[in-house]
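[1] give me coordinates for this.
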Amino acid sequence: IMPLPLVERLHYYWSIFSLHPSLAFQNAILVIMLVLSVALIVGFKSRLSAFLLLFFCTWLECRTFMVGGAPGIRIGLLWAIFLPLDRHWSLAARNRPAPPERILSWGTVGMTGQILLMFWISVAHKFGNPEWHSEFSQVYKSLWFGNNAQAPIGTWLRYQVGLTKVLTFLTLILEVLGPLLLIVPWKNWVFRSVGTLTLLSLLIGFQVCISVEPFTYAMMAFMLAFIPSQCWSWRKEKTVAASGQPASKVDLRPRACLPAIILASLTWNNFSNLGWLPRPPGPVYHPLAGMRLVRKWDMFQGGGYSYYQFWPMVEGIRHNGERVHVWLWFLKGEELTFDIDRPTDDDVYMPGQRWAKYLSAITIHRSNWDIFEAFQDAFLEYLCRKYNEEHEGMERLKKIRLSMKWREVMGAGEHGEPAAATLKKMNCPRD
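    Have a look, this model is predicted:
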């Protein structure tokens, strides 16, 4: 559904996954990534593993950008390069003396600054928008927004208008308060524990309601690094006191300040998106953009943007003349006669966030429309092939049609009239 020639016409970033289109080659690269991931988990050459994984994940997104990326994973890997992740509970730590329990370095400064930047820039984008500060309708709109795969709890929650208003207010409070608790200097380990739990609860809430994986999973793993050392020091024989090492270590040497430079560059770019600073010059911006690290953190900012609930309708005509709803068959395995009034709200649940983003890309974009029409051909050919693999004779598909149905989400409990349009018709390819 994402042929390499079409991807290369839309996207200019180089990717190792584009060197050869065969499935064997793609799987070989994924196996390498799996090996590097295991090495990072067990603490074998952690910094090198994180460095290589950062490049591989960037290349993977450059190849599959139409289904969204994984900024949380890349951000975690970026700061993992500068953190001593292999100091405890790792292969590398087996024959080493116990290290200091607390470490202050440019890497830890950068990691903390990244969390502050991500959440507070998000709040800055929301500032003054009525959906967040007066109507409290943004969570409701986000749950209905067509680009979001709805988790089962989110599907139930979008009918609870009053509760979504409360959650809108709480989301804004937690995004401000959680990062602040991480940097309170007095009794830091207590406040940092509360801040970590606060942000983890916020991320879990995102996942169970909107299903924005893998971002939420990656950021939840990232937040584990903020659990204070006092929570981990349960093995007395491994404590710093037993090893004779100092309790804290400060390493802020100027020659090791690359993480601070990266954080400053990311901050500059985010401030420029808000209009507070001019755009960074090319030598600052392009390396960050090439690594896919430039993020606005403006998801669901509100501010008068139109939100639409949309869903695809794929009508298939069998050789016996019957009309079937191919997309609902793909989603749920149900053999249903095609009806323009289907799917209903309950049928809009997507099989995953990747599918939601892909369908949004091939049906909503208006720039480079000729290329996206070619992606529609690839998508319909894929559905024809999948359907005909499981059907025989006159029940196989002869023709297929892609349509889109949508309606505007106007406010809490308010929707516009539904509309529909046919995007593509084609004959199913013969085997």
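
[2] can you tell me the closest non-neighbouring residue to residue 64?
    Take residue 64 and drop its neighbours on the chain: the residue closest to it by Cβ to Cβ, 6 or more residues apart in numbering is residue 2, 6.5 Å away. Every residue, glycine included, has its C-beta placed from N, CA and C.

[3] try residue 417
    The nearest residue in space to residue 417 (Cβ to Cβ, 6+ apart) is residue 407, at 6.5 Å.

[4] for residue 86, list the residues it contacts.
    Shown in contact with residue 86 (Cβ atoms under 8 Å, 6 or more residues apart in numbering): 43-44, 46-47, 92-93.

[5] mind checking the SS state of it?
    What DSSP: H, G, I helix; E, B strand; the rest coil gives for residue 86 is coil.

[6] so what's the residue nearest to residue 64 up against?
    Contact partners of residue 2, counting by Cβ under 8 Å, 6+ apart, are 63-64, 66-67, 358, 375, 378.

[7] in ChimeraX, select just the buried ones from those.
    A single ChimeraX command selects the buried members of the contacts of residue 2 (16 or more other Cβ atoms under 10 Å):
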select :63,64,66,67,358,375
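
[8] returning to what we had before: show me the contacts of residue 86 that map onto helices.
    46-47 (DSSP state H).

[9] skip the chain neighbours and tell me the closest residue to residue 218.
    That would be residue 72: by Cβ to Cβ, 6+ apart, it lies 3.1 Å from residue 218.

[10] mind giving me the packing neighbours of whatever helix or strand the one you found lives in?
    Residue 72 belongs to helix 71-80 when elements are defined using DSSP states H and E. Judged by 3 or more Cβ pairs under 8 Å, 6 or more residues apart in numbering; DSSP states H and E, the packing partners of helix 71-80 are helix 46-63, helix 106-126, helix 215-223.

[11] give the buried residues for the first one.
    Pointing back at helix 46-63 there. 46-47, 49-50, 52-54, 56-63.

[12] one more: the shortest one?
    Buried residues in helix 215-223, counted by 16+ other Cβ under 10 Å: 215-216, 218-220, 222-223.

[13] hang on, the earlier thing: mean confidence score for the helix holding residue 72?
    For helix 71-80, mean pLDDT rounds to 87.

[14] re earlier: can the contacts of residue 2 go into CSV with extra columns for pLDDT, secondary structure and distance to residue 211?
    Shown next, in CSV, are the contacts of residue 2 (pLDDT from 0 to 100; DSSP: H, G, I helix; E, B strand; the rest coil; distance: Cβ to Cβ, whole Å):
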residue, pLDDT, secondary structure, distance to residue 211
63, 83, helix, 23
64, 80, coil, 18
66, 75, helix, 18
67, 73, helix, 14
358, 80, helix, 15
375, 85, helix, 23
378, 89, helix, 25
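
[15] ok, of the contacts of residue 2, which one's closest to residue 187?
    Nearest to residue 187 among those is residue 67, at 44.0 Å by Cβ to Cβ.

[16] name the nearest residue to that closest one, sequence neighbours excluded.
    Of all residues not flanking residue 67 in the chain, residue 354 sits nearest, at 4.0 Å (Cβ to Cβ, 6+ apart).

[17] around that neighbour, how many other residues sit close by?
    Close neighbours of residue 354, defined as other Cβ atoms under 10 Å, add up to 16.

[18] element containing it?
    helix 353-364.

[19] what is that helix packed up against?
    Going by 3+ Cβ pairs under 8 Å, 6+ apart, helix 353-364 lies up against strand 307-318, helix 369-389.

[20] which of those is buried the deepest?
    Most buried of the helices and strands packed on helix 353-364, by mean neighbour count (mean count of other Cβ atoms under 10 Å): strand 307-318, with a mean of 22.

[21] okay, now the sheet partners of that one, with direction.
    strand 323-325 (antiparallel), strand 397-411 (antiparallel) (DSSP bridges).

[22] by mean pLDDT, show me the worst of those.
    Of all these, the minimum mean pLDDT falls on strand 397-411 (a mean of 82).

[23] show me what counts as buried in that one.
    Result for strand 397-411 [16+ other Cβ under 10 Å]: buried residues 397-409.

[24] which SS state does the residue nearest to residue 271 when sequence neighbours are not counted fall under?
    Distances taken as Cβ to Cβ, 6+ apart place residue 277 nearest to residue 271, at 4.3 Å, with adjacent residues excluded. At residue 277 the chain is in coil, as set by three-state DSSP.

[25] again, but for residue 429
    Applying three-state DSSP: residue 429 is coil.

[26] thinking again about what came up before, quick check: angle from the helix holding residue 354 to helix 215-223?
    Going by axes from the mean of the first three to the mean of the last three Cα atoms, to 10 degrees, helix 353-364 is angled at 130 degrees with respect to helix 215-223.

[27] now the helix or strand hosting residue 179: buried residues?
    Using DSSP H and E, the element containing residue 179 is helix 161-182. Using 16+ other Cβ under 10 Å as the test for burial, helix 161-182 gives 164-165, 167-168, 171-172, 174-175, 178-179, 181-182.

[28] now stretch 289-297
    In stretch 289-297, counting by 16+ other Cβ under 10 Å, buried: 291-295, 297.

[29] how about stretch 14-29?
    15-17, 29.

[30] stretch 103-110 too?
    103, 105-110.

[31] which regions of the stretch 51-200 of the chain lie under the pLDDT threshold?
    The stretch 51-200 of the chain contains residues with pLDDT under 70 at 68-69, 98-100, 145-151.

[32] now for the strand or helix carrying residue 132, which elements pack on it?
    Taking DSSP H and E as the definition, one finds residue 132 inside helix 130-133. With contacts taken as 3+ Cβ pairs under 8 Å, 6+ apart, helix 130-133 sits against helix 138-144, helix 161-182.

[33] just the buried residues of that helix, please?
    By neighbour count on 16+ other Cβ under 10 Å, the buried set for helix 130-133 is 131-132.

[34] ok so, going back, and which of the buried residues of stretch 289-297 is nearest residue 196?
    residue 297 (19.3 Å).

[35] so where's the stretch 201-350 of the chain shaky on pLDDT?
    When residues are selected by pLDDT under 70, those of the stretch 201-350 of the chain lie in 213, 232-255, 300-307, 338-350.

[36] between which two of the buried residues of helix 215-223 is the distance greatest?
    So, the buried residues of helix 215-223 by Cβ to Cβ: farthest apart are 215 and 223, at 12.5 Å.
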